[in-house]
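1. Have a look at this fold, sequence not included:
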C-alpha cells in the first residue's frame, strides 16, 4: 500500500473510532491513567508520543495520570527533570518516589512512586497526626486515607502498554478502575490504539465491585 494511501486509511479509521465513541450511549472516561516504564521513555520519540497522548486524552478526560515504573532509582532525577518541562495542554504535577505532597493538577505524573509506598506514606502521616493529638484513631476512615494520598482521585480507565501485567500503581485508587492491556509497546502506540481503549471502556458495564 502506498504511504499516502496508508496514512489516509489510518486517519479514516481513527475518525470512525471517534465517531463510534461519540455515538455510544455510555460516557467516555473522565479520568484516564497510563502505565509505562522508564525504558519506554528511552525510545526515540517517546516524549513526543507522551505529548500526543495528552492531546488525545484531553479530548475526553478532565484528568490524566501517568505512572512511570522505574527499575533503576538513579534514573529518577533525569526523568523528573524531563517530565517537569514536557509540553502539555494543561498544568502538570510531577511526583517522585520520596514525594508526599498531593498532586493537584489536571495532568499528574508519578515516577517510581509505587502504590504501596504512597499508601504507606499516607498511613505514616495519619499516625503522625494521631501522635500529635490532632486526630482520634477512631475517626480514621477511607476518606482520611484518600485525603493523604499523593494522587487524590480514582481513574476510570487504566491503560497498560507492552504486557498484560499490573505494576505497583495506585493500588488504592484503581480498585474499581477498568483495566485495558495492550501488547503494543509504547514506541508504537498511536491515537488509534488510545481510541480503541476508550471504545472498549464504553463497551464495558462497570460494576464498581458489586
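-> Ah, there it is. Note that this is a predicted model, so its numbers are computed, not measured. Numbering: from 1, shown residues only.

2. Just want the most central residue of the chain.
-> When the chain is reduced to its mean C-alpha position, the nearest residue by CA atoms, centre = their mean turns out to be residue 33, at 2.2 Å.

3. what about that one, which SS state?
-> The local conformation at residue 33, judged by DSSP: H, G, I helix; E, B strand; the rest coil, is strand.

4. What backbone torsions are found at the residue lying closest to it once chain neighbours are set aside?
-> In this structure, residue 33 finds its nearest non-sequential neighbour in residue 155, 3.7 Å apart by CB to CB, 6 or more residues apart in numbering. Heads up, the C-betas are built off the backbone N, CA and C, glycines and all. Reported as degrees, to the nearest 10, the phi and psi values for residue 155 are phi -70, psi 140.

5. Was I right to think residue 155 contacts residue 34?
-> No - with contacts counted by CB atoms under 8 Å, residue 155 stays clear of residue 34, the gap being 9.2 Å.

6. where do the contact lists of the two overlap?
-> residue 65 (CB atoms under 8 Å, 6 or more residues apart in numbering).

7. Any figure for the gap between the residue nearest to residue 33 and residue 188?
-> 23 Å (CB to CB, to the nearest Å).

8. for the spatially closest residue to residue 72 that is not a sequence neighbour, what are its contacts?
-> The shortest distance from residue 72 to any residue other than its chain neighbours is 6.9 Å, reached at residue 38 (CB to CB, 6+ apart). Residues near residue 38 by CB under 8 Å, 6+ apart: 68, 69, 70, 71, 72, 75, 79, 112.

9. now those residues: which count as buried?
-> 68, 69, 70, 75, 79, 112 (16 or more other CB atoms under 10 Å).

10. closest to residue 16 among the contacts of residue 38?
-> Nearest to residue 16 among the contacts of residue 38, counting by CB to CB, is residue 68 at 31.5 Å.
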